[in-house]
Every structure is written in C-alpha cells, then in structure tokens.
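Undergrad: okay, sequence plus prediction incoming.
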Amino acid sequence: MKRVIGAIVVLLCAGAAALVTWPQLLRQEREFPFAQIVSIRPVVVLAFAALAVLFLVFALGRRIRAFCLTLALVFLVAAGAGGFTLVSRGLGSDELPPKENGEIRVMTWNTAGPATDAAVIAETAVAMQADIVALPETTIDTGRAVAVSMGERGHPMWAHVDEYEGGWDANSTALLISPDLGDYAVIESEAGGSSNTTIVPSAVAMPVDGDGPIVVAVHAVAPRPDAMAGWRSDLQWLADQCAADDVIMAGDFNATVDHMDRLGIDGADLGRCTDAARLTGSGGVGTWPTDVPSRLGAPIDHIMATDAWRPVASVVIRSLDDSGSDHRPLVVQYARR
C-alpha cells in the first residue's frame, strides 16, 4: 500500500512539475495561477533545484531512499528543462554591433511615469542611436521633452502619444519616431479591447509618407487575478495588430513568450511578429523588476517585427536600474530584408 501511495505522489509531483515548467502542455499558459508562475521561470528553476537537493538529503534515510531519489530525479529534470529553456532563449550581451547603413534601432522603456527623468531617457536613446522609442507610462509632455532633448543632442524625433482619460501616468503611452522614417500619425482609439488595449493604452502609428513600418507602442494590462480577461484580450488585440507585412511592435507586453503560445501565425510569436530578443540571445534576460537581478527577472518587455525586418542584435540595458523605473530598457537593431 505504501508503494502505491508513493507512486501516486511521484506521479502527481511529476505532473505538477511538467505543468509549471511548460503550461502550454494543457493550454494553461494564460490561466491563473500558471500564467503568473511561468513568468518567473528563473525562480521556478531555482526552486526545483532546491527541492532536488532537499530530497537527495532525505534519501540518506534507508526506509524512504527509493521514494526520495525518485522525487529528486523528477525535480532535477524539471530544473534542467527550465534552465535549458532560459539558456536557449539567451542570457544577453552588453553591447550592439556598429550600426550599418539602412539599419535601425528600436528602444522600449516603461518609464514608470515621473520616476524616470526625461533627460535620462533622451541621453539613453541618443547613446543607443534609437530611431523608434516606445515609452509606456509616459505622458505627451514628457515625450515632447525627451524629443526636444534628443534634438538638442543632434538626434531629432517626432513625439506622438495615445492616452486615456484620467491623471494616472499609465494612461499615456508615448512614441518617438525619427523623421528619417517619414511622417506618422497615431490612429484614433478607445479603451475596451475593440480598438485598443483594455485598461492602459497602446499607440498605433501609421506612416503618412515614406516607406517606414507601422509602429505599435505597446502597453498591455498586467495579469492580476482580477484582470486576467482584459490581459488575454490585450494579447489577442496585439496579435491582430501584427497582420500587415511591415510592422514593428515595442513596449511593455506584461507577458513572456510563454504566454503567447497559439497567438502567432506561421511560426511567429504574436500575429506575424517574432520576438527579436529571443532570436538574438537576450530572450532570457529579465526586464522587470529592477530590484532583482536581471537573471531572475521576468522578460515582459519586447520588441517584435514581421519578416520585413531581420533582427541583428539586442541588448537589455542593466546599468540604469537606479534611474527610477522598475523596468529595464530593451534595444534591438534591425536590418531591412
């Protein structure tokens, strides 16, 4: 009887470990609580590793040795699978290659409203030679201040914004675009998930002239237990925005690539867009929060594009964790295909 109970416990633990490591197996990646757990995959890996060590210690007792060794193996395999996933997505680099003729750089940074000084944003964007800058939780006044400061540094930008009513800074998403890409206009939108994301806005900028891409500055609602439906709606709406041939999306998706399973088309991650950090070796680096090491954080900020653009390299900037925001900037270098 003890062996039967032991076998049942092992099977339950194995099933739970598999579901936590890869909730896509049972289509639970956008369901509570698995959506929240898989967001912190590095912490889950460490927890499984600790459990494996714990049961190896317990296995010193002869009477439960086989049971404990089996559980240790289960947890060790789970830790290895999660660790392999992180390594395969990339643990990041510290610099980008020189910018070649015709290449562009895209930067996103959730600035947490007034927590991040406009001069710091501008200095960072100029240093990274950014042609597109998505700034969730940034008002139009701050966006314009950043654009002016960048212009004073010899890097002019046009400032756009989409905003909802209310005094909360998260009700605004600013978008800066280089004049070299042509003139742009942000399309009108409204909350509710029909023509924009549900709780906080995303800005969709269409080229008025020139041959620049459609640009989407993203801000999806966080997957809080009381906002799961809105979060799932936001991800679907964002996938729908990436249906044209030439689209670049950047911002705070409040989701990892795990959450985007079955939302991509023809092998892409979200609609027809593919995550650049994952393809260029930075997909396992946490962009949030800044008060934990980047190797333990959640990669919820993304820059994506359709096949019109080839990602050359990416970098999560880890030197600005004390700048005020709880997010790290992400920069991707693209070349036209």
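TA: Looks like it arrived, so ask away. Numbers count the residues shown, from 1 in each chain.

Undergrad: Glu188: how many residues sit nearby?
TA: Neighbour count of Glu188, defined by other Cβ atoms under 10 Å: 9. Yep, even glycine has a C-beta here, placed from its N, CA and C like the rest.

Undergrad: where does it sit, in terms of helix or strand?
TA: Secondary structure from DSSP states H and E places Glu188 outside every helix and strand.

Undergrad: now do the same contact list for it.
TA: Going by Cβ atoms under 8 Å, 6 or more residues apart in numbering, Glu188 touches Ser195.

Undergrad: quick one, phi/psi of it?
TA: With angles defined as degrees, to the nearest 10, Glu188 sits at phi -70, psi 150.

Undergrad: tally of neighbours for the nearest residue to Ala268 once chain neighbours are set aside?
TA: Leaving out its chain neighbours, the residue that sits closest to Ala268 by Cβ to Cβ, 6 or more residues apart in numbering is Thr274, at 4.8 Å. Using other Cβ under 10 Å, the number of residues around Thr274 comes to 21.

Undergrad: likewise the one 3 residues further on?
TA: Under the neighbour criterion other Cβ under 10 Å, Ala277 is assigned a count of 28.

Undergrad: repeat that for the one 10 residues further on.
TA: Taking other Cβ under 10 Å as the neighbour definition, Thr287 ends up with a count of 28.

Undergrad: wait, it sits on Ala298?
TA: Yes - contact criterion Cβ atoms under 8 Å: Thr287 and Ala298 qualify, at 7.3 Å.

Undergrad: which residues of this structure score low on pLDDT?
TA: For the chain, the stretches with pLDDT under 70 are 167, 190-194.

Undergrad: what do you get if the cut-off is 90, keeping everything else the same?
TA: Within the chain, the stretches with pLDDT under 90 are 1-7, 9, 59-65, 92-94, 102, 165-170, 187-195, 209-212, 337.

Undergrad: and the strands in the stretch 201-337 of the chain, which stretches?
TA: 203-207, 214-219, 247-252, 274-275, 301-305, 309-316, 330-336 (DSSP state E, counting those that start in this stretch).

Undergrad: quick one: which of those strands is nearest Ile104?
TA: strand 330-336 (5.3 Å; Cβ to Cβ).

Undergrad: given that closest one, what are its sheet partners and their directions?
TA: When pairing is defined by DSSP bridges, strand 330-336 lines up against strand 104-108 (antiparallel), strand 309-316 (antiparallel).

Undergrad: residues touching the shortest one, excluding its own?
TA: Just to be clear, that refers to strand 104-108. 96, 99, 124-125, 128-136, 178, 181, 217-218, 248, 250-252, 301-303, 329-334.

Undergrad: can you name the element that comes right after that strand?
TA: helix 118-127.

Undergrad: in that following helix, what's buried?
TA: 118, 120-126 (16 or more other Cβ atoms under 10 Å).

Undergrad: quick one: the residue nearest to Ala268 and Ile303 touch, right?
TA: No - proximity of Thr274 to Ile303 does not meet the contact threshold set by Cβ under 8 Å, at 10.2 Å.

Undergrad: follow-up on the earlier one: can you put the strands of the stretch 201-337 of the chain in TSV and add distance to Ala18?
TA: Listed next are the strands of the stretch 201-337 of the chain as TSV, based on distance: least, Cβ to Cβ, whole Å:
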stretch	distance to Ala18
strand 203-207	38
strand 214-219	31
strand 247-252	29
strand 274-275	24
strand 301-305	26
strand 309-316	29
strand 330-336	30
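
Undergrad: closest one to Val53 among the ones you listed?
TA: strand 309-316 (29.7 Å).

Undergrad: how far off centre is that closest one?
TA: Averaging C-alpha positions (Cα atoms, centre = their mean, to the nearest Å) puts strand 309-316 14 Å from its chain's average.
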